[in-house]
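Q: I need the structure of the sequence given here:
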Amino acid sequence: MSFCRLFCGCLCSCLVIPLAVPALRAQTSTQSSSSKPVRKSSSRADAPPDSGNVNAGVYRNAGFGFTCKIPSGWVLRTEEMNVREGDDTNAGSGKVETDSAKGGLVLLAAFSRPPQARGEDVNSSILIAAESESSYPGLKDAAQYFGPVTEVARAQGFEGDDDPYEFAVGTKTLARGDFQKDVGSRVMRQSTLVMLARGYVVSFTFIGGTEDEVEELVQGLSFGASTKSAK
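A: Just a heads-up that it's a prediction; the model follows:
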């Protein structure tokens, strides 16, 4: 599955997706970030990542040890994002075909309105995904993941606010990159947080129309709290 093509199609090419970018795999072996590196996990991905679950407006993932709040009224499109691109053979089977065996999985895709619905304001969204570290030879730390991602962002009209930097979420430290793009009279803002865990690159992308909106979405992410679903 081409995550970049699939996601950009759903978001009308307005969202930079730091996932499965062909150039990223080729360049991580030679590029490095000038920011302080976030250390890499020594674990290897030898099984599909925990897909997590949504309950009472909260996405929980016990495998990676985090929760993420989903704003009230938002729509989920996680399964659609994981449908294998161009695969019509199982259209009537009712099964969701994913490439998790190949190391990539969308864990959560949530939008303030359906991606295909037009609106005057920015379609705020949360995208969480995981890919096997083995897909990126030479990847040594989470910050390094942003090198080619920035190139993709610029190609889509986004500008990076600054170099990737360390960002604390509770007791967890992730690498973070911020981007923005003028969309007519509006500004689309994106913040992506990345960590390496259990042999996977896990990315958290938050989209909004203002800095405050994005920060509010980021604050819904937490680590170390209970990830068990409410009964």
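Q: neighbours around Gln190, how many?
A: Gln190: 26 surrounding residues under other C-beta atoms under 10 Å. From N, CA and C alone the C-beta is placed, and that goes for glycine too.
Q: For it, give me its contacts.
A: Gln190 makes contact with 15-16, 153, 158, 178-181, 205-207, 214 under the criterion C-beta atoms under 8 Å, 6 or more residues apart in numbering.
Q: Which helix or strand contains it?
A: strand 186-197 (DSSP states H and E).
Q: helices or strands up against the next helix or strand after that strand?
A: Sequence-wise, the next helix or strand downstream of strand 186-197 (DSSP H and E) is strand 200-208. Contact partners of strand 200-208 among helices and strands, from 3 or more C-beta pairs under 8 Å, 6 or more residues apart in numbering; DSSP states H and E: strand 125-132, strand 186-197, helix 211-218.
Q: Between those, which one is closest to Ala62.
A: With C-beta to C-beta, the closest approach to Ala62 among the helices and strands packed on strand 200-208 belongs to strand 186-197: 12.4 Å.
Q: Mind listing the strands that closest one pairs with, and their directions?
A: Using DSSP bridges, strand 186-197 pairs in its sheet with strand 172-183 (antiparallel), strand 200-208 (antiparallel).
Q: Now the longest one: buried residues?
A: Translated: strand 172-183. Neighbour-count burial for strand 172-183 flags 172-181 (criterion: 16 or more other C-beta atoms under 10 Å).
Q: out of the residues you listed, who's nearest Arg189?
A: Arg189 lies nearest to Gln180 out of these, by C-beta to C-beta, at 4.9 Å.
Q: So what sits opposite the closest one in the bridge?
A: Beta-bridge partners of Gln180, counted by DSSP bridges, are Glu159, Arg189.
Q: Can you find the helix or strand in this protein with the smallest mean pLDDT?
A: None of the helices or strands of the chain scores lower by mean pLDDT, DSSP states H and E than helix 3-10, at a mean of 42.
Q: tell me the most buried of the helices and strands packed on strand 200-208?
A: Most buried of the helices and strands packed on strand 200-208, by mean neighbour count (mean count of other C-beta atoms under 10 Å): strand 125-132, with a mean of 25.
Q: Return the list of helices and strands in contact with it.
A: Packed next to strand 125-132, using 3+ C-beta pairs under 8 Å, 6+ apart, are strand 104-111, strand 200-208.
Q: Of all those, which one is nearest Lys140?
A: Closest among these, once you apply C-beta to C-beta, is strand 200-208, at 11.7 Å.
Q: and the closest one with strand 125-132, angle?
A: Orientation check (axes from the mean of the first three to the mean of the last three C-alpha atoms, to 10 degrees): strand 200-208 against strand 125-132 gives 170 degrees.
Q: From here on, call the first residue 321.
A: Yes, from this point I'll number from 321; that puts the last item at strand 520-528.
Q: Flag every buried residue along strand 520-528.
A: Residues of strand 520-528 classed as buried by neighbour count (16+ other C-beta under 10 Å): 520-528.
Q: Dump those to CSV, plus distance to Gly377 and pLDDT.
A: Output for the buried residues of strand 520-528, formatted as CSV (distance: C-beta to C-beta, whole Å; pLDDT from 0 to 100):
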residue, distance to Gly377, pLDDT
Tyr520, 25, 93
Val521, 26, 91
Val522, 21, 93
Ser523, 22, 92
Phe524, 17, 95
Thr525, 19, 92
Phe526, 16, 95
Ile527, 18, 92
Gly528, 18, 92
